[in-house]
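Chemist: below is the sequence, then the predicted model.
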Amino acid sequence: MQAAYYARQGPAREVLILSDVNTPLPGPGEVRVRIRASGINPADVKRRAGAPARPMLWPIVIPHSDGAGTVDAVGRGVRSTKEGDRVWVWNAQWRQPFGTAAEYVVVPEGQVVPLPPAVPFEVGAAVGVPGLTAHRCLTVVPPLQGERALVYGAAGAIGSLLVQMLKARGAHVTAIVRSDRKREIAMSAGADEALDYSHPSFEGDLERAGGLDRFGFIADVDMGAHCATYTRNASRHGHVVVFGSASNMQPAVDVLALQKHGVSLHFIAGADQPARQMAEAIEEINQGLASGALAPRIHSRFPLQEVAMAHEEVEAGSLEGKVVLEIGHG
């Protein structure tokens, strides 16, 4: 099969290799998926680049955890999945060396989910890590009951799905974005208002959006940039869910101020969560895909042969959704 892989960490154009490798065989309890689309997440490019705390754990790595395609072989003991099933894949490269940047991937049966008939493969490849992360932002806190919610990075792959999930729960959602274009994206996802933090009126607009009680729920993609504002923006005894810290992975935190305000901080990772919450997330995501209520955004598409360019686009930032590789089969 054709696959993109790296044998050392470094810049995409220097380390990513496109070559023929052995096609994997499914073992007991495993399925093999013929990949048609592979979704790229920031964590994928950070592992390839050799970011701090992301060491190279195997001699070679085929990257990417998200993907979608058709089951073409099953191992002994597989019960619910059969050849020909359209599926989306989650955590394909979680704790194993070979992910979805290839024509085939082998994963445990529990890591494939039926892809609704009308949903394109590229959408299935866009939903894994972003969808699971967005959903975990909601299950780590008590059930929301009409709270005012604040979402940083609301035009990104995770943020836009989180906005949609919050609206499905009846929340009033204020989105924080970087541009007029991203404001349009957040509003199309269902946000009640979208504020550009570079605008001169941002602070006043945010204070008015929070109202007297401020925000009972805040989701943040960049704790390093915003943690000093939590006591100003969160309601008393409110919840802040952190799913990233893009500008600084070791921010200084005013613990006493947060204690006095009663803020609860939650740190989550969509790829690693309790089994019950993972099952709930997968069920809600698939129901949303099937009904059209959940719509992952695609930022751009590349053929597998341009995997290095795709990684560079993710690293450049300012994405408006997911970067996807389209993998053709001759």
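Modeler: Thanks, I have it. Numbers count the residues shown, from 1 in each chain.

Chemist: tell me the contacts of the residue nearest to E103 when sequence neighbours are not counted?
Modeler: Closest residue in space to E103, ignoring its immediate chain neighbours: M1 at 4.1 Å, by CB to CB, 6 or more residues apart in numbering. Placement of C-beta: from N, CA and C, glycine included. For M1, the contacting residues are D20, V21, N22, T23, A102, E103, Y104, taking CB atoms under 8 Å, 6 or more residues apart in numbering as the criterion.

Chemist: wait, the last one sits on R36?
Modeler: The reference is to Y104. No: shown here, Y104 and R36 do not form a contact pair, counting by CB atoms under 8 Å, at 10.9 Å.

Chemist: part of a strand, is A37?
Modeler: Yes: secondary structure assignment places A37 in a strand (DSSP: H, G, I helix; E, B strand; the rest coil).

Chemist: what's the neighbour count on the nearest residue to it once chain neighbours are set aside?
Modeler: Beyond its immediate neighbours in the sequence, the residue positioned closest to A37 (CB to CB, 6+ apart) is A125, lying 3.7 Å away. One way to gauge burial is a neighbour count; for A125, by other CB atoms under 10 Å, it gives 31.

Chemist: need the pLDDT of H329.
Modeler: Reading off the per-residue confidence, H329 sits at a pLDDT of 68.

Chemist: one more: G317?
Modeler: On the pLDDT scale, G317 gets 83.

Chemist: number of residues surrounding it?
Modeler: By other CB under 10 Å, the residues close to G317 number 10.

Chemist: quick one on the thing from earlier: what separation is there between the residue nearest to A37 and H226?
Modeler: A125 sits 30 Å away from H226 when distances are taken as CB to CB, to the nearest Å.

Chemist: swap in F215?
Modeler: Relative to H226, F215 is positioned 12 Å away (CB to CB).

Chemist: so between these two, which is more surrounded?
Modeler: Under the criterion of other CB under 10 Å, the comparison of F215 against H226 puts F215 first, with 26 against 21.

Chemist: what's the neighbour count on the residue nearest to that one when sequence neighbours are not counted?
Modeler: Nearest in space to F215, with sequence neighbours left out and distances taken as CB to CB, 6+ apart, is L150 at 4.3 Å. Taking other CB under 10 Å as the criterion, the count of residues near L150 is 29.

Chemist: mind checking the SS state of L150?
Modeler: Reducing the assignment to helix, strand or coil with three-state DSSP, the entry for L150 is strand.
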